[in-house]
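[1] Just need the structure, nothing else, for what follows:
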Amino acid sequence: MAAGNKGFLAIGDWISSYREPLIELFQPPKNRLPSYSTVRRALLHVDYEDYSVCLSKFFNVQPNTGETVGLDGKVLKGSYQIENDNPNSDSHPAIMLVSSYIVERGLILEPFQVDAKTNEIKALPELISKLALNGVIFAFDAINTQKKLVS
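    Residues are numbered from 1 along each chain as shown. As a prediction, the model looks like this:
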């Protein structure tokens, strides 16, 4: 995914294309790399929030004084599930995230999941308080220019 491959088949093709360097780098048992279906099964069970927190901590991604942090809420495409005919699958609303981005360095900070019963407007104060540093500039889209947000 970090190499720009979107989708499990594309990731599988990337693994096949770079088979030799990946085997040399990771030295897997029996020189076997995972297939796209193995990657799919693994990624479907990854907690994206924990994963992004780990990456942010590993790379020490933090906004610096004077930098601009852009904030925007998005609904994850295809994240909703409405199944009335499958008793093994609970229906759930779409997942909404507020993403934060350090404009000057082009770095994405950890996403913030919005409670299903609310919207990004109500989630922003908590996210801003987590990121609040003296001298950091926050940029929003028009929906987030609410009087209560700045007070």
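[2] Apart from its chain neighbours, what residue comes closest to the residue nearest to the spatial centre of the chain?
    The chain has Pro111 as the residue nearest its centroid, 5.2 Å off, counting by C-alpha atoms, centre = their mean. Nearest residue to Pro111 in three dimensions, chain neighbours excluded: Leu97, at 4.3 Å (C-beta to C-beta, 6 or more residues apart in numbering). Quick note: C-beta positions are derived from backbone N, CA and C, even for glycine.
[3] and if you look at Leu127?
    Phe112 (4.6 Å).
[4] looking at the sheet around that neighbour, what are its partners?
    Val98 (DSSP bridges).
[5] residues contacting it?
    97-100, 123, 126-127, 130 (C-beta atoms under 8 Å, 6 or more residues apart in numbering).
[6] ditto for Thr68
    102-104, 136-139.
[7] mind redoing it with 6 Å?
    Neighbouring residues of Thr68 by C-beta atoms under 6 Å, 6 or more residues apart in numbering: 103, 137, 139.
[8] re earlier: which residue in the contacts of Phe112 has the weakest pLDDT?
    Minimum pLDDT for these is recorded at Ala123 (71).
[9] Count the neighbours of that residue for me.
    Around Ala123 there are 20 other residues, counting by other C-beta atoms under 10 Å.
[10] Share the number of residues neighbouring the residue lying closest to it once chain neighbours are set aside, please.
    Spatial nearest neighbour of Ala123, chain neighbours left out: Val114 (4.3 Å); criterion: C-beta to C-beta, 6+ apart. Neighbourhood size, Val114 [other C-beta under 10 Å]: 22.
[11] likewise Ser16?
    12.
[12] where does this protein dip in pLDDT?
    By pLDDT under 70, the weakly predicted segments of the chain are 1-4, 49, 76-93, 116-121, 141-151.
[13] how close does the residue of it lying at maximal distance from its centre sit to Ser52?
    For the chain, the largest distance from the centre (C-alpha atoms, centre = their mean) belongs to Lys30, which lies 32.8 Å off. Using C-beta to C-beta, to the nearest Å, we find Lys30 at a distance of 32 Å from Ser52.
[14] so who does the residue nearest to the centre of the chain touch?
    52, 97, 99.
[15] Apart from its chain neighbours, what residue comes closest to the last one?
    Ranked by C-beta to C-beta, 6+ apart and with sequence neighbours excluded, the top spatial neighbour of Ser99 is Pro111, at 5.0 Å.
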